[in-house]
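Trainee: structural data only, the sequence is not supplied:
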């Protein structure tokens, strides 16, 4: 063995340093960055571990990595160009790798498992239901987070954002906005009424989509069922008297796809600063009664809060991947920092995060 080492040299260990934790550790062969970090005891943000939820997004400061799957399924091209990676899909190539990750939400409780009963549904649009669950005990969460739902007998869990503002002592009754996916085992049963009073398993809270403490202008964009976490976030901000200019853009196909408009207007009426609500319809018939904005919601980002300092503004987006990617592009073109854009991508059955 010593002769072989002298001929070929001992294999150099790969080291990883994770900021802001200030912890370094040694990698094992074929380990992902996330696997190694968790083994080293680092509270690294994560959930799906298969590269779709984006919870383990990190910035590569030094070194190179091999990607087990294409980062582009979850990250935008701007993020990839800026050096962002997914730790659960990254294997270091070089002797030293340095990454920076955003820590977990400081005041979020650790995830727990709950049992729940589906006590009611309400049709919000033709393909979105408000779904109400009654838990066995109150759950605490940070506005903007989500839960994993599992129906016994189905192959996997589904991930949905809370549509309610959190309460100090937790909520025993929670609501979700769930969009129907044709062919989706869970949503087909849900929309046909088969799951009323069904027992479900709930695990949460998860996620690091939350309102950062700041006084700068905030631009929020929602699409489809992506309205849920933004309603949670904005309701809580109104209740706690957050004072900062806010624009809320809601993208839908037609007037029939707009929902919770009165609740959004109530948030606007009680907001402690300027609040602009701008619904945008992409497929509304030309001869309809609609007098509002038409087109893609991301085309109206600059219209909502004209004259703001985009260099200091923050973006918050929830919705389908195409909307998120277009929003990131539009916001950064205006001068918003990539690090000041926070989002939650709602994907369909071809992914495993925010699924039907």
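Mentor: Sure thing, it's come through. Everything numeric in this text was worked out from a predicted model, so none of it was measured.
Trainee: shaky segments in the stretch 1-150 of the chain?
Mentor: 1-12, 104-106 (pLDDT under 70).
Trainee: all helices for it, in order.
Mentor: 2-8, 33-39, 77-81 (DSSP state H, counting those that start in this stretch).
Trainee: packing partners of the shortest one?
Mentor: Packing partners of helix 77-81 (3 or more CB pairs under 8 Å, 6 or more residues apart in numbering; DSSP states H and E): helix 321-334. No exception for glycine: its C-beta is placed from N, CA and C like everyone else's.
Trainee: residues touching the helix it packs on, excluding its own?
Mentor: Defining contact as CB atoms under 8 Å, 6 or more residues apart in numbering, one finds that helix 321-334 is touched by 76-79, 219, 221, 223, 226, 251, 296-299, 301-302, 310, 313, 315, 317, 338, 341, 343, 345, 347.
Trainee: now that helix, how far from the centre of its chain.
Mentor: Chain-centre distance of helix 321-334: 15 Å, with CA atoms, centre = their mean, to the nearest Å.
Trainee: average pLDDT across whatever helix or strand comes next after it?
Mentor: Counting by DSSP states H and E, the next helix or strand C-terminal to helix 321-334 is strand 341-345. The average pLDDT for strand 341-345 rounds to 90.
Trainee: helix 321-334 and strand 341-345, what's the angle between them?
Mentor: 170 degrees (axes from the mean of the first three to the mean of the last three CA atoms, to 10 degrees).
Trainee: buried residues, strand 341-345. List them.
Mentor: Residues of strand 341-345 classed as buried: 341, 342, 343, 344, 345 (neighbour count, 16 or more other CB atoms under 10 Å).
Trainee: could I get the full set of strands for the stretch 201-350 of the chain?
Mentor: Under the criterion DSSP state E, counting those that start in this stretch, the stretch 201-350 of the chain carries strands at the ranges 218-223, 246-252, 275-281, 293-294, 314-319, 341-345.
Trainee: got CSV for those strands, with distance to residue 264 too?
Mentor: Formatted as CSV, the strands of the stretch 201-350 of the chain follow (distance: least, CB to CB, whole Å):
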stretch, distance to residue 264
strand 218-223, 9
strand 246-252, 6
strand 275-281, 5
strand 293-294, 15
strand 314-319, 14
strand 341-345, 18
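Trainee: domains of the protein?
Mentor: 12-101, 112-206, 218-345 (automatic domain parsing).
Trainee: among the ones you listed, which is nearest residue 212?
Mentor: Closest approach to residue 212 among these is made by domain 218-345 (6.5 Å; CB to CB).
Trainee: what distance separates the start and the end of that closest one?
Mentor: Domain 218-345 has its terminal residues 18 Å apart, counting by CA to CA, to the nearest Å.
Trainee: distance to residue 212 added to the domains of the chain, as CSV?
Mentor: As requested, the domains of the chain are exported to CSV (distance: least, CB to CB, whole Å):
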stretch, distance to residue 212
domain 12-101, 15
domain 112-206, 10
domain 218-345, 7
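Trainee: now list the buried members of the contacts of helix 321-334.
Mentor: Among the contacts of helix 321-334, those buried by neighbour count (16+ other CB under 10 Å) are 76, 78-79, 219, 221, 223, 226, 251, 296-299, 301-302, 310, 313, 315, 317, 338, 341, 343, 345, 347.
Trainee: who's residue 275 bridged to?
Mentor: Residues in a beta bridge with residue 275, per DSSP bridges, are residue 246.
Trainee: same thing with residue 117?
Mentor: residue 134, residue 199.
Trainee: can you pull the contacts of it?
Mentor: 133, 134, 197, 198, 199, 200.
Trainee: name the member of the residues you listed with the most neighbours.
Mentor: Within those, most neighbours by other CB atoms under 10 Å means residue 133, with 24 neighbours.
Trainee: name the nearest residue to that one, ignoring sequence neighbours.
Mentor: residue 116 (4.3 Å; CB to CB, 6 or more residues apart in numbering).
Trainee: what's around the residue nearest to residue 108 when sequence neighbours are not counted, how many residues?
Mentor: With CB to CB, 6+ apart as the criterion, residue 108 has its nearest non-adjacent residue at 4.6 Å, and that residue is residue 142. Per other CB under 10 Å, the neighbour tally for residue 142 reads 22.
Trainee: hmm, residue 142 is touching residue 107, no?
Mentor: Yes. Under the criterion of CB atoms under 8 Å, residue 142 makes contact with residue 107 at 6.5 Å.
Trainee: bridged to residue 62, which residues?
Mentor: Beta-bridge partners of residue 62, as defined by DSSP bridges: residue 98.
Trainee: hang on, it packs against residue 95?
Mentor: No. If you go by CB under 8 Å, residue 62 and residue 95 don't touch, sitting 10.3 Å apart.
Trainee: no more questions from me, cheers.
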